[in-house]
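In: return atomic coordinates for the entry below.
(one chain, ligands or ions: 2)
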Amino acid sequence: MSEALPVQADPAGLAAFIHEVPDFPSPGIAYKDITPLLADAGALARAVEGMAAQVGEAGIEVDRVVGIESRGFILGVPLALRLGCGFVPVRKPGKLPREVRFEEYALEYGTDRLEVHVDGVVAGHRVLVVDDVIATGGTAAATGRLVTGLGGEVAAFAFLLELSGLGGRDQIAEHPVVSLLTY
Ligand SMILES: O=P(O)(O)OC[C@H]1O[C@H](OP(=O)(O)OP(=O)(O)O)[C@H](O)[C@@H]1O
Ligand SMILES: Nc1ncnc2[nH]cnc12
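Out: Ligands and ions are numbered 1, 2, ... in the order given. Have a look, this model is predicted:
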């Protein structure tokens, strides 16, 4: 369950581009729809630049960006280009064609499994895990386990938006976390 929380931090002026949809995809969920932000060239640029700036200001150095399907792809690819590194997709089951590692996880609304190609993360690589939203943190934590299970180092997690009331940060507390908007 998530409540309609007020925005606490919004340095890039992005909250106006995120629409809250009550009871989607199930009753009690206050869904944050980022599609208006994606549709606005200025807001999209500020989002990617703002996330890159937070990574840089925290002194986080990165060899690869790992983006989580599907909204993590949308932000992860421009962020990887901006940071000068490659992009690795973490996908929902059965989508990747070669040998994968998988992790199960609990979502705010259900359970699922995430997969990555076994050669997507190289031992010793510093990985930035990117997604649009952290809610309960189950998705991010599972992705962190995929990265470390393949010998990578989670340099940090970067989110556009954090629903702070759901305790997601606690699930990944051993790693640096940056988020542009906090609710
Ligand atoms: O912190 P958590 O509680 O784990 O939730 C966060 C995840 O939920 C959403 O993904 P969703 O599974 O809805 O998929 P989508 O990106 O394909 O819409 C969001 O994009 C994150 O990946
Ligand atoms: N409330 C929410 N809004 C958008 N994406 C989410 N992913 C998990 N919880 C979410």
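In: pLDDT score for Ala15?
Out: pLDDT, Ala15: 97.
In: from ligand 1, how far off is the closest residue to it other than its chain neighbours?
Out: Spatial nearest neighbour of Ala15, chain neighbours left out: Val7 (4.4 Å); criterion: C-beta to C-beta, 6 or more residues apart in numbering. C-beta: built from backbone N, CA, C; applies to glycine. According to C-beta to the nearest ligand atom, to the nearest Å, Val7 stands 18 Å off from ligand 1.
In: what is the burial count for Val7?
Out: 13 (other C-beta atoms under 10 Å).
In: over to it: give its phi and psi.
Out: phi -70, psi 140 (degrees, to the nearest 10).
In: does it touch Tyr183 like I think?
Out: Yes: between Val7 and Tyr183 there is a contact at 5.6 Å, judged by C-beta atoms under 8 Å.
In: so is the strand or helix carrying Glu20 next to ligand 1?
Out: Secondary structure from DSSP states H and E places Glu20 in strand 19-22. No: Strand 19-22 does not reach ligand 1 (C-beta under 6 Å from any ligand atom); its nearest approach is 12.4 Å.
In: what pairs with that strand, parallel or antiparallel?
Out: strand 30-33 (antiparallel) (DSSP bridges).
In: contacts for the strand it pairs with next, please.
Out: 2-5, 18-22, 24-25, 133, 161, 163, 183 (C-beta atoms under 8 Å, 6 or more residues apart in numbering).
In: is ligand 2 contacted by that strand?
Out: Yes: with C-beta under 6 Å from any ligand atom as the measure, strand 30-33 is seen reaching ligand 2 through 30-32.
In: next, the buried residues of stretch 113-129.
Out: 114-117, 120-121, 125-129 (16 or more other C-beta atoms under 10 Å).
In: relative to ligand 2, which of those is nearest.
Out: Closest approach to ligand 2 among those (C-beta to the nearest ligand atom): Leu114, at 13.8 Å.
In: pull the contacting residues for the residue positioned nearest the centre of the chain.
Out: In the chain, the C-alpha nearest the mean C-alpha coordinate belongs to Asp131, at 1.5 Å (C-alpha atoms, centre = their mean). Going by C-beta under 8 Å, 6+ apart, Asp131 touches 67-68, 71-72, 75-76, 139-140, 143, 157, 159-160.
In: with only the CA atoms kept, save stretch 8-18 in PDB.
Out: The C-alpha trace of stretch 8-18 is given here as PDB (Å, rounded to 0.1, in the frame of the first residue of the first chain):
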ATOM      1  CA  GLN A   8       9.900  16.600   0.200                       C
ATOM      2  CA  ALA A   9      12.700  17.400  -2.100                       C
ATOM      3  CA  ASP A  10      12.600  18.400  -5.800                       C
ATOM      4  CA  PRO A  11      15.700  20.300  -6.700                       C
ATOM      5  CA  ALA A  12      15.100  20.100 -10.500                       C
ATOM      6  CA  GLY A  13      11.400  21.200 -10.400                       C
ATOM      7  CA  LEU A  14      10.100  17.900 -11.700                       C
ATOM      8  CA  ALA A  15       7.200  17.100  -9.300                       C
ATOM      9  CA  ALA A  16       4.700  19.000 -11.600                       C
ATOM     10  CA  PHE A  17       5.500  16.500 -14.300                       C
ATOM     11  CA  ILE A  18       4.700  13.400 -12.200                       C
END
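In: many thanks, I have nothing further to ask.
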